[in-house]
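In: Provide a 3D model corresponding to the input given below.
(chains A and B)
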Amino acid sequence: MVKNITIFTTNTCAYCQMVKKYLGAKGMTYEEVNLDEHPSRQAEAIELSGAMTVPVTVVTKHDETKEVIIGYNLARLAPAVA
Amino acid sequence: MAEEITEAQKHDLVIIGSGPAGLTAAIYTTREDIDTLVFERAVVGGLAAVTDKIDNYPGFPDGVDGLKLADDLRRQAERFGAVIELGEVTGIHDEGEFKRLETTSGEILAKVVLLTTGSDYKKIGAPGELEYYARGVHYCATCDGAFYRDKRIVVVGGGNSAFQETIFLTRYASHIDLLVRSTVKASEVLQDEMEQFVKDGKVTIHLHTTTDEIIGENNVVSKVKGTKDGKDIEFDVDGVFVFVGLIPNSQFLKPTTIRLDEIGFVITDEHLQTTMPGVFAAGDIRCGATMQIASAAGEGATAALKIREYLEGRLHPLQN
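Out: This next block holds a predicted model:
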């Protein structure tokens, strides 16, 4: 079961829009961390994903395990939030 | 044996790909009450959506953000009833009146299929490129540029995309080395725009310069090795962005009877119909495409009108 979802985004990232659109269509809520507005949180996104890219979606389950999904990857995103 | 398919899974038209060609076609077909389902596996708007600014699409005298154009096209198509499904079509089978499509959401049937899967950015094939993918090597400036504030970047390519995205990246990078394998192919307008950044010392353009290896230290990209006019050259960098042309998104068509050219572009007749009856193609995926957003939109409109004729039984391929 999903406890919460955080998405790291930027203003110009089309793939970020797709992740938000997908979660929105599923009726799921999420916290968005816009790295253009909060550049100090870039390091957090890099540490979580091991990549210098957005979107990074962090799905935290009720047992506190985390699944980190890089990019707009439906094959991983869909089961992670199911 | 195919699984049971309900009426809800049968469509007049399935459009595969929601770039400018696919969404324009959807605007036309839905306005004519043709039941239209659009499949998108990646980004609605296609490569247009990940382009920073589009300056040559008619009707926008000051240019338009790619993301905004994509979103406006989507809203226009949805206003007339187009349904965009986020998922991937993995196979097409000709079963006469209907084509059976294998998708990530199960099988569906379509009387007509329009291929508008477009193209994607090509890789350069240099050592280190895949190893450092998304960790120093990137193909989307609008996605990943923000990670390079006050850092040194190499951009590889000499065409419109390379110039446009380099200009976008100047808002972040401290300096950009633009490596052009032969000569610049970008439009005069983009070259003029670039000139100021070159004068300001923000961008250095290196002609006749190859990109042979991307090297990292401690898991971070640190150097690009290449040759300039035949002599070895190195660039100290924090990141590399690659824009060296496009490859068609047609891998899933290879097992079908739809004929592709030697590169993988879809061959069509003058009606934009492929070698599988009832399957059409438009935009960047089509052999002969000009890789322009305006052309893709135009082809989408043409395909929609030809599809209407096909559904009404009025379209007949030329006899050889």
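In: Pull the contacting residues for residue A:45.
Out: Going by Cβ atoms under 8 Å, 6 or more residues apart in numbering or on different chains, residue A:45 touches A:8, A:33, A:35, A:54, A:56. The way it works is simple: take the backbone N, C-alpha and C, and place the C-beta from them, glycine included.
In: give me the beta-bridge partners of the closest residue to chain A within the stretch 151-300 of chain B?
Out: Closest residue of the stretch 151-300 of chain B to chain A, Cβ to the nearest Cβ: residue B:239 (7.1 Å). On the basis of DSSP bridges, residue B:239 is bridged to residue B:153.
In: So which bits of chain A are right by chain B?
Out: A:10, A:12-18, A:21-22, A:25, A:35-36, A:39, A:42, A:46, A:50-55, A:70-72, A:74-75 (Cβ under 8 Å from any Cβ of the partner chain).
In: Would you list the buried entries among those residues?
Out: Buried members of the residues of chain A next to chain B, scored by 16 or more other Cβ atoms under 10 Å in any protein chain shown, are A:10, A:12-18, A:21-22, A:35, A:42, A:46, A:51-55, A:70-72, A:74.
In: In strands only, show me those.
Out: Members of these lying in strands (criterion: DSSP state E): residue A:70.
In: Among the buried ones among the residues of chain A next to chain B, name the ones in helices.
Out: A:14-18, A:21-22, A:42, A:46, A:74 (DSSP state H).
In: Report how far apart the opening and closing residues of stretch A:23-38 are.
Out: Criterion Cα to Cα, to the nearest Å; first-to-last residue distance in stretch A:23-38 is 22 Å.
In: so how far is that stretch off the chain centroid?
Out: 7 Å (Cα atoms, centre = their mean, to the nearest Å).
In: show me the contacts for residue B:291.
Out: B:119, B:246, B:284.
In: and which of the ones in helices among the buried ones among the residues of chain A next to chain B is nearest to chain B?
Out: Closest to chain B, out of all of these and judged by Cβ to the nearest Cβ, is residue A:14, at 3.8 Å.
In: Which residue is the nearest non-sequential neighbour of that closest one?
Out: residue B:49 (3.8 Å; Cβ to Cβ, 6 or more residues apart in numbering or on different chains).
In: which phi and psi does that neighbour have?
Out: phi -70, psi -30 (degrees, to the nearest 10).
In: rewinding a little: confirm for me that the residue of the stretch 151-300 of chain B closest to chain A is in contact with residue B:153.
Out: Yes. The pair residue B:239 and residue B:153 qualifies as a contact (Cβ atoms under 8 Å) at a distance of 5.1 Å.
In: circling back: okay, now the residue of the stretch 151-300 of chain B closest to chain A: neighbour count?
Out: By other Cβ atoms under 10 Å in any protein chain shown, 27 other residues sit near residue B:239.
In: Relative to residue B:301, how far out is it?
Out: Per Cβ to Cβ, to the nearest Å, residue B:239 is found 39 Å from residue B:301.
In: Same question for residue A:38.
Out: Counting by Cβ to Cβ, the gap from residue A:38 to residue B:301 is 42 Å.
In: which of the two has more neighbours?
Out: residue B:301 (15 against 12).
In: is the helix or strand where the more buried one lies anywhere near chain A?
Out: Using DSSP states H and E, residue B:301 sits within helix B:293-311. No. Judged by Cβ under 8 Å from any Cβ, helix B:293-311 and chain A are separated, with a smallest distance of 14.1 Å.
In: That helix - contacts with which helices or strands?
Out: In terms of contacts (3 or more Cβ pairs under 8 Å, 6 or more residues apart in numbering or on different chains; DSSP states H and E), helix B:293-311 is packed against strand B:10-16, helix B:20-31, strand B:106-115, strand B:279-281.
In: Any buried residues in the first one, and which?
Out: Okay, so that is strand B:10-16. B:11-16.
In: which ones are touching the most centrally placed residue in chain A?
Out: By Cα atoms, centre = their mean, chain A has its centre lying nearest to residue A:57, at 1.7 Å. Residues near residue A:57 by Cβ under 8 Å, 6+ apart: A:5-8, A:19, A:30, A:68-69, A:77, A:80.
In: Filter those residues down to the ones in strands?
Out: A:5-8, A:68-69.
In: if we take those residues, which one ends up nearest to residue B:149?
Out: residue A:8 (15.2 Å; Cβ to Cβ).
In: Residue numbers of chain B in contact with chain A?
Out: Going by Cβ under 8 Å from any Cβ, the residues of chain B near chain A are B:41-45, B:49-50, B:52, B:65-67, B:70-71, B:86-88, B:104, B:134-136, B:138, B:140, B:142-149, B:168, B:239.
In: Let's see which of those residues end up in helices.
Out: Reading helices off those with DSSP H, I get B:49, B:66-67, B:70-71, B:142-144, B:168.
In: just to confirm, which helix or strand has the residue nearest to the centre of chain A in it?
Out: strand A:56-61.
In: average model confidence for that strand?
Out: Mean per-residue pLDDT for strand A:56-61: 96.
In: Could I get the buried residue list for it?
Out: Buried-residue list, strand A:56-61, by 16+ other Cβ under 10 Å: A:56-59.
In: before we move on, back to that, the ones in helices among the residues of chain B next to chain A: which two are farthest apart?
Out: Taking Cβ to Cβ, no two of these sit farther apart than B:71 and B:144, at 20.4 Å.
In: Between those two, which has more neighbouring residues?
Out: The neighbour comparison of residue B:71 against residue B:144 (other Cβ under 10 Å) goes to residue B:144, with 23 against 17.
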